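**Student:** Quick one: sequence and predicted model below, then my questions.
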Amino acid sequence: MGESSHDSTLEQHGKQIKEILNHLDELPLDHIERLEDDVEGLGKGGVIIQQDYNQMRVEFQKSRSQVFKFQRKLFEQRNKIAFARYRISNLEHVIEEIQTRQQTDHEDFLNAISKLSINQEISPDN
């Protein structure tokens, strides 16, 4: 049973080949040569497409690698900027504390001078 279906498939293929050959016999020779050139060109085109694909893939991988490098550098720069901002904030806080202490010291100094002045006015004998 398997052999007869195989034989019938072979017969069908044989008929199809004969039909194609008959059709080719009816075509002018220059048309057949043009078809052969087209088929050959398609094969070469497939090779070219594969080469283009491979080149594009390599370029994509290079670009991707560069993007990762840039992202890493950007991340490092952002970390440096964040650290610099943190240090600036701390310095601003220290400056504010110094200014507050200076203002307090200045007020204390003025109060002390005022007290001395008042004390000297009260007891001019000293």
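**Tutor:** Structure's in. What do you need?
**Student:** so what's residue 72 scoring on pLDDT?
**Tutor:** For residue 72, the pLDDT comes out at 93.
**Student:** The one 5 residues further on now?
**Tutor:** Per-residue pLDDT puts residue 77 at 93.
**Student:** cool, residue 126 as well?
**Tutor:** 53.
**Student:** Also residue 19?
**Tutor:** Confidence at residue 19, expressed as pLDDT, is 84.
**Student:** again with residue 89
**Tutor:** 95.
**Student:** What values do phi and psi take at it?
**Tutor:** Dihedral pair for residue 89: phi -60, psi -40, per degrees, to the nearest 10.
**Student:** Report how many residues lie close to it.
**Tutor:** Under the neighbour criterion other Cβ atoms under 10 Å, residue 89 is assigned a count of 10. In this view, the C-beta of every residue, glycine as well, is placed from N, C-alpha and C.
**Student:** go on, the one 10 residues further on?
**Tutor:** If you count neighbours by other Cβ under 10 Å, residue 99 ends up with 10.
**Student:** Next, work out how far apart it and residue 70 are.
**Tutor:** As judged by Cβ to Cβ, to the nearest Å, residue 99 and residue 70 stand 42 Å apart.
**Student:** Equivalent analysis for residue 17, please.
**Tutor:** 59 Å.
**Student:** Same check on residue 93?
**Tutor:** Taken as Cβ to Cβ, the span from residue 93 to residue 70 is 34 Å.
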